[in-house]
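>>> Coordinates for the following, if possible.
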Amino acid sequence: MTDQQQSLDKVILVDKPIGWTSFDVVAKIRSQYSKQYNRRVKVGHAGTLDPLASGLLIVLVGKATKKQDSFMKQDKVYEVEMQLGETSSTDDAEGQRTKVSNRRPNDTEIKQVLNKFIGQQSQVPPAYSAIKIDGKRAYKLARAGQEVKMKSREVNIYSISDVSYSYPRVSFTTKVSSGTYIRSLVRDIGEELGCGAYMSALRRTSIGEYSLDEPGVVTFSDS
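Numbering: from 1, shown residues only. Next up, the predicted model:
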């Protein structure tokens, strides 16, 4: 393997800003490397982040893209913010919101309900997700007004910590297994509280052994 090839095949840790899609990040890095090497360079990511979310995105360059599956299966840590009293068609701030209740759970209720969600459980992914149903992305079917029935999946919520509550906002940090949808977790917490909830902010801080605390994390302007 040449020195040039070794420098090309790499794993890049990116702190994705809010407003960027994961594809935006991949496209920018592909453009930079393609110009540098004067040829199209293969670039991909290992686990998407929605535009409204920020944080760690692992970008794979060159032959490192072959390791995508191993990265996708890693546990993840998120900083989560949820808004009580309303639900959302997309389970986050992007969707159409519906008022549910003015009831204000107390601190004890919040902590008790959050603790119920620690451990292995069956979770239904959001209808607005990239999961394929009969070969089509679920979110495309949902946007077209079609009824989307998502199959439940087994996930593991390893921990929920650093809980902060000031109505209507609840924030916490959670470590979860691969395949866990935080939007679904927030939705289910809101249902258990009896007041509804949607995810108002999300930041991913680690994937497996990689985290935003490591030196060399790439940042981009959010403009």
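>>> Could you break this structure into its assigned domains?
3-73+208-219, 76-207 (automatic domain parsing).
>>> As TSV, these with mean neighbour count would be great.
Using the backbone N, CA and C atoms, a C-beta is placed for each residue, glycine as well. Converted to TSV, the domains of the chain look like this (neighbours: other CB atoms under 10 Å):
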stretch	mean neighbour count
domain 3-73+208-219	16
domain 76-207	17
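>>> Export the ones you listed to TSV and append columns for mean pLDDT.
Converted to TSV, the domains of the chain look like this (pLDDT from 0 to 100):
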stretch	mean pLDDT
domain 3-73+208-219	88
domain 76-207	89
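>>> Now the terminal residues of stretch 58-69, how far apart.
12 Å (CA to CA, to the nearest Å).
>>> So which residue is smack in the middle of this structure?
For the chain, the residue nearest the mean C-alpha position is residue 49 (4.7 Å; CA atoms, centre = their mean).
>>> How about the secondary structure of that one?
Classification of residue 49 by DSSP: H, G, I helix; E, B strand; the rest coil places it in coil.
>>> for it, what are its contacts?
Residues near residue 49 by CB atoms under 8 Å, 6 or more residues apart in numbering: 16, 22, 55, 57, 204.
>>> Filter those down to the ones in helices?
If you go by DSSP state H, those have residue 22 in helices.
>>> If we only consider the contacts of residue 49, which is nearest to residue 191?
Nearest to residue 191 among these, counting by CB to CB, is residue 204 at 23.9 Å.
>>> Tell me the bridge partners for the closest residue to the closest one other than its chain neighbours.
Distances taken as CB to CB, 6 or more residues apart in numbering place residue 55 nearest to residue 204, at 3.6 Å, with adjacent residues excluded. With DSSP bridges applied, the residues forming beta bridges to residue 55 are residue 16, residue 204.
>>> secondary structure class for residue 12?
Going by three-state DSSP: residue 12 is strand.
>>> Return the residues in contact with it.
Neighbour list for residue 12: 29, 58, 59, 60, 61, 218 [criterion: CB under 8 Å, 6+ apart].
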